[in-house]
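K.L.:
Okay, structure incoming, though there's no sequence with it:
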């Protein structure tokens with residue numbers, strides 16, 4: 001790369017990062033504005049507005065809307081855990097898991113695509129804190145063996161969207177990336193879907209929530225999966241350090 005090309009590349013990084021921040025800010029403004037606007041026009045309290053949103057997700061078109069929300073989630077940096085818990089609370093273990101798997105992998109695909117297109121502006125380069133250390137540690141391995149590296153990164157609970165963007169930035173092959181994402185994210189998906197399914201969302205909105213209303217079996221299953229995931233994560237981290 002010539003000196004002129006390096007200067008142009010360096011100059012494009014802040015612009016790309018600012019572009020990403022503007023998109024995230026715009027999405028948040030639209031979400032908050034829509035929420036507040038609906039509450040004022042319909043004369044609903046914030047809790048009642050949330051209840052209306054959940055009610056909309058419980059309609060026949062709700063799963064499509066939920067998958068769309070999950071797909072666009074990484075653009076607004078919204079927590080995947082919250083959306084996953086909501087899926088389990090609304091549809092239960094079976095359908096909740098199905099909709100979460102579809103939505104999460106579509107969001108992973110979207111972030112991967114953005115990483116390919118705007119990776120130099122989105123991801124830090126060099127040794128820039130924890131994120132930069134992760135990139136330096138795994139970048140070469142992802143180029144050599146995308147499937148096993150992405151699988152390990154998912155199983156040790158590295159930041160979900162960082163892995164997505166990094167995979168796109170490094171232009172790793174899509175098929176091994178998405179397959180490793182599906183398999184590696186499954187323990188975490190089941191954990192939080194079951195945790196959400198243990199709650200009765202109608203009781204929560206009605207103000208009748210109590211510990212006795214929690215489904216003990218799904219909560220125990222969620223806890224077992226969570227502990228199992230932590231054990232696997234610790235073993236893999238030790239292996240990585242060795």
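P.N.:
Everything's here; your move. Owing to the predicted nature of the structure, the values given are computational and were not obtained by experimental measurement.
K.L.:
Go ahead and flag the most central residue of this protein.
P.N.:
residue 80 (3.7 Å; Cα atoms, centre = their mean).
K.L.:
what about residue 227, how many neighbours?
P.N.:
Neighbourhood size, residue 227 [other Cβ atoms under 10 Å]: 11. To be clear about C-beta, it is placed using only N, CA and C from the backbone, and glycine gets the same treatment.
K.L.:
my bad, residue 238
P.N.:
Residue 238 has 9 neighbours, counted by other Cβ under 10 Å.
K.L.:
Over to residue 143?
P.N.:
Number of residues near residue 143 (other Cβ under 10 Å) recorded here: 12.
K.L.:
same thing with residue 47?
P.N.:
12.
K.L.:
Which strand or helix spans it?
P.N.:
Using DSSP states H and E, residue 47 maps to helix 46-57.
K.L.:
Residue 231 now?
P.N.:
Using DSSP H and E, residue 231 falls in helix 216-241.
K.L.:
so what does that helix touch, helix or strand wise?
P.N.:
Under the contact criterion of 3 or more Cβ pairs under 8 Å, 6 or more residues apart in numbering; DSSP states H and E, helix 216-241 touches helix 146-155, helix 174-197.
K.L.:
C-terminal to the helix holding residue 47, what's the next element?
P.N.:
Where DSSP H and E defines the elements, the next helix or strand beyond helix 46-57 is helix 62-72.
K.L.:
what's downstream of that next one, the next helix or strand?
P.N.:
For helix 62-72, the following helix or strand on the C-terminal side (DSSP H and E) is helix 80-122.
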